[in-house]
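Undergrad: let me see the structure of the following:
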Amino acid sequence: MRRVGNTVIAAVTVIALGSGAWLLHSGAETHAPPQPSAAQGHSAGPDVWARSAPALPASPPDRVRIPAIRVDAPLTGLALTPSGSLDVPPAEKKNLAGWYEAGTTPGETGTAIVAGHVDNADGPAVFYDLGALRKGSAVEVDRRDGSVAVFTVDAVEVYQARDFPDEKVYGAASRPELRVITCGGGYTKSTGYQGNVVVFAHLTSSRP
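TA: Coordinates of the predicted model:
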């Protein structure tokens with residue numbers, strides 16, 4: 001990915017955010033992470049969450065909370081790998097997510113990116129239940145300036161690697177938006193996770 005103003009453009013889009021190794025031991029059919037239904041996608045009816053809050057000044061994020069799926073995790077900065085893809089948090093730290101620190105900070109105008117593992121070799125990780133999130137849910141981001149940016153989920157979608165919509169996920173936004181990304185799209189022993197689950201959200205309020 002590369003930064004262009006408040007835009008993140010993906011050069012390599014598929015992010016390896018889960019090993020799936022534990023599925024081989026526990027049974028994929030029983031323990032595979034939830035995937036979003038079509039009803040949670042952008043095409044399922046009008047956007048009833050169109051109201052947005054004024055943009056906040058830039059401030060690095062420290063923590064992300066998604067109460068509906070019991071996420072409460074610290075955030076670490078993520079850079080790019082030599083191949084141009086987004087790096088990932090250390091897999092052994094199950095309750096850790098990351099944000100693209102060369103891009104938009106959550107709450108300022110543009111598209112901010114948060115990513116985390118769906119699992120590791122020991123079991124579910126921070127975003128294991130991301131595919132179960134529903135439209136209208138809240139995503140809260142604690143920022144280093146002491147403020148909390150509150151986003152409302154507009155859609156939750158899953159994409160196969162070959163069909164990943166770079167511009168839709170990473171493209172420019174005229175308001176403060178957030179993408180939360182993990183692995184998904186099914187799992188096989190030969191290919192691993194076949195795509196990504198992506199949450200689309202926008203800023204609807206903030207508090208000190």
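Undergrad: which residue lies nearest the spatial centre of the protein?
TA: Centroid-nearest residue in the chain, with Cα atoms, centre = their mean: residue 180, separated by 1.3 Å.
Undergrad: report the buried residues of stretch 114-126.
TA: Across stretch 114-126, burial judged by 16 or more other Cβ atoms under 10 Å covers 114, 115, 116, 117, 118, 119, 120, 124, 125, 126. The way it works is simple: take the backbone N, C-alpha and C, and place the C-beta from them, glycine included.
Undergrad: just these: which has the poorest pLDDT?
TA: Least confident of these in the model: residue 120, at 88.
Undergrad: circling back: in strands, which of the buried residues of stretch 114-126 fall?
TA: 114, 115, 116, 119, 120, 124 (DSSP state E).
Undergrad: now the strand ranked longest in the chain, how far from the centre of its chain.
TA: Criterion DSSP E: the longest strand present in the chain is strand 192-207. Relative to its parent chain, strand 192-207 has a centroid offset of 4 Å by Cα atoms, centre = their mean, to the nearest Å.
Undergrad: give me the below-cutoff pLDDT ranges for the protein.
TA: 1-16, 19-31, 44-50 (pLDDT under 70).
Undergrad: just the strands in this structure please.
TA: For the chain, strands defined by DSSP E occupy the ranges 2-4, 7-9, 61-66, 71-78, 97-100, 110-116, 119-120, 123-124, 138-143, 148-160, 176-188, 192-207.
Undergrad: residues contacting residue 134?
TA: Counting by Cβ atoms under 8 Å, 6 or more residues apart in numbering, residue 134 touches 40, 68, 153, 156.
Undergrad: need phi/psi at it.
TA: phi -120, psi 160 (degrees, to the nearest 10).
Undergrad: with residue 122 instead?
TA: phi -100, psi -10.
Undergrad: against residue 71, how distant is it?
TA: Residue 122 sits 18 Å away from residue 71 when distances are taken as Cβ to Cβ, to the nearest Å.
Undergrad: distance of residue 93 from residue 140?
TA: Distance of residue 93 to residue 140, computed by Cβ to Cβ: 20 Å.
Undergrad: then residue 161?
TA: Distance, residue 161 to residue 140, by Cβ to Cβ: 30 Å.
Undergrad: the two: which has the busier surroundings?
TA: Comparing residue 161 with residue 140 by other Cβ atoms under 10 Å, the one with more neighbours is residue 140, at 19 against 16.
Undergrad: which non-adjacent residue is nearest that one?
TA: With Cβ to Cβ, 6 or more residues apart in numbering as the criterion, residue 140 has its nearest non-adjacent residue at 4.4 Å, and that residue is residue 65.
Undergrad: please name the bridge partners of that neighbour.
TA: With DSSP bridges applied, residue 65 shows beta-bridge pairing to residue 72, residue 140.
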